[in-house]
Each structure stands twice: as structure tokens, then as C-alpha cells.
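Participant: I'll drop the sequence and a predicted model, then ask my questions.
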Amino acid sequence: MNENTKRGKFIVFEGLDGSGKTTQMKLLSKFLESKGEPCYSTHEPTDSPFGGLLKSCLTGRIDTDERAIAALFAADRLDHITNSVNGIKKKLDEGVNVFCDRYYFSSFAYNGEFVPFEWVVELNRPAREILRPDLTVFIDLPSDESMKRVARRREVERYETTDKQKKIRERFYSAFKRFPDEKIAIVTSEEDKERTQAKIREAVLPLFGL
Ligand code: TMP
């Protein structure tokens, strides 16, 4: 990193399927760019070959073991952080702020159902050691509302039933308790996306001195 370059901020968005993470990330990055802050948005699973494999597992096109899926998510994440072409660390070192749609808390919440939670924690230990978010924004949404929004939108995937979403939400909260040293902002998703955005800005803008 050039000595004069200020390291970018790493902000993660987490939430149930349909919680509006993508929309909210876009609104935030547009706003910050208008204030002169360079932003880069990315997501997990990624668009790399690891992510491609994962998407096939999630839609059932590849039928595999849940441990293999949990390990693939961890591998996808490590590549996402360290990739020498477009890895998150590289962007941050170049002074770019990175917004990431899902990160290791998604692994704790989703994959912890099928394999022991502490095993998922261990799998993600390298990622936590290399790169912790400056802030994780959790966009909270009741599980039945999450399912309604997903069903309106697209093909329903592996983890998408109301009961499952309820348990996933509970595991997000257990994971936040398990890691009290992580910086988490919990924001309730409103019907009006601008109101949700206003709450997110309240949590995020102080990181930028805004
Ligand atoms: P998406 O719908 O936000 O693109 O995410 C795809 C699915 O992958 C979503 O149901 C959550 C799941 N997932 C995991 O199971 N573990 C993970 O580590 C991540 C990042 C996502």
C-alpha cells in the first residue's frame, strides 16, 4: 500500500434472503461515491469457479455433502479476500471501500444447521484472522416476510422455507453473541427502502467522518 493511501473500509451486509441487502448496498455506495468515496461492491458466493460450484450445490444441480458445501464457502471466501487480481484486501489497500453482500456470519447462520457450529467457526478462523469487517450491517426481517419477498422474485433455493429462515435468523443472533468483539449494526428492514437506508447511513457514515 502506498504510504499516502488511506485504507478503504470493509463493510458487510448480512440478512435473510429477501432482506434487501443488494438494494441497500447500491443506495449506500451511490451516496458515498457522490461524496467522493471510491466504492466497490461484491458478494458471496462469488462469481469465481468456487462460487459457481456453490451455486450449483444450492440449486440442487450438484447433490453433495453439507460439510463439503460449508468447506467450499470457506474456500470461496479465502479466495475472495486474497485473490491477487480483484481480492478484497487488494481493493482495500488501494484505498477503495468494499461492500460485501454476505460474509462469514452467513456461514455461521446457514451452514451451522447441518454441521456443528464450532466446526464452521474453525473453518472460518483464517478469514476472521486475515480480514474482519469494519462493520457488519444486519438487515433484520421477520422470516415469513423474507419468504414472501423471495417467492415474489425468483426460483426458491435450498434454504428457503419460513421455518428454515426462522432458524437461520436465530443462528445469526447466536453468532453475534458468540463474537462480542465484532462490530454489528442491526437495522430493521422497513417497507420503505429509503427509511431503511436512512438507518443504515446513521450506522455507517460515522466511519467516514460524515
Ligand atoms: P444469496 O441468495 O444472497 O446470493 O446467497 C445464496 C445462498 O447462500 C443464501 O441462501 C445463503 C447461502 N450461504 C451459505 O449457506 N453460506 C455462506 O457462507 C454464504 C455466503 C451464503
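Facilitator: Noted; the coordinates are in hand. Everything numeric in this text was worked out from a predicted model, so none of it was measured. Residues are numbered from 1 along each chain as shown.
Participant: what separation is there between Arg201 and Arg152?
Facilitator: To Arg152, Arg201 is 26 Å away according to C-beta to C-beta, to the nearest Å. Any C-beta I mention is one placed from the backbone N, CA and C, and that applies to glycine too.
Participant: and the ligand, is stretch 6-17 touching that?
Facilitator: Yes - using C-beta under 6 Å from any ligand atom, a contact is recorded between stretch 6-17 and the ligand, made by Asp17.
Participant: and the protein, which residues reach the ligand?
Facilitator: Counting by C-beta under 6 Å from any ligand atom, the chain sits next to the ligand at Asp17, Glu44, Pro45, Leu58, Phe73, Arg102, Ser106, Ser107, Tyr110, Asn111, Glu157, Tyr159.
Participant: any weak-confidence spans in this structure?
Facilitator: Flagging of the chain using pLDDT under 70 yields the residue ranges 1-3, 154-156, 158-159.
Participant: quick one: the strands in this protein?
Facilitator: Taking DSSP state E as the test, the strands found in the chain are 10-15, 39-43, 97-101, 135-140, 184-188.
Participant: picking up where we left off before, comparing Arg201 and Arg152, which residue is more hemmed in?
Facilitator: Per other C-beta atoms under 10 Å, whichever of Arg201 and Arg152 has more neighbours is Arg201, with 18 against 8.
Participant: contacting residues around Ser189?
Facilitator: By C-beta atoms under 8 Å, 6 or more residues apart in numbering, the contact set of Ser189 is Gly15, Ser19, Gly20, Ile139, Asp140, Leu141, Glu145, Thr196.
Participant: list the buried residues in stretch 103-119.
Facilitator: Tyr103, Tyr104, Phe105, Ser106, Ser107, Phe108, Ala109, Tyr110, Asn111, Gly112, Val115, Phe117 (16 or more other C-beta atoms under 10 Å).
Participant: how close does the second one sit to Arg125?
Facilitator: Between Tyr104 and Arg125 the computed distance is 9 Å (C-beta to C-beta).
Participant: and stretch 122-136, how far out from the chain's middle?
Facilitator: Remark: stretch 122-136 is offset 12 Å from the chain centroid, using C-alpha atoms, centre = their mean, to the nearest Å.
Participant: what is the closest residue to Glu37 other than its chain neighbours paired to in the beta sheet?
Facilitator: Distance criterion C-beta to C-beta, 6 or more residues apart in numbering; nearest residue to Glu37, sequence neighbours excluded, is Asn97 at 5.7 Å. On the basis of DSSP bridges, Asn97 is bridged to Cys39.
Participant: tell me who's in contact with Asn97.
Facilitator: By C-beta under 8 Å, 6+ apart, the contact list for Asn97 reads Gly8, Lys9, Phe10, Ile11, Ser29, Leu32, Glu37, Pro38, Cys39, Tyr40.
Participant: any idea how far Gly8 is from it?
Facilitator: For Asn97 relative to Gly8 (C-beta to C-beta), the value is 4 Å.
Participant: next one: Ile186
Facilitator: 24 Å.
Participant: more neighbours: which of those two?
Facilitator: Neighbours were counted for Ile186 and for Gly8 using other C-beta under 10 Å; Gly8 has more, 21 against 16.
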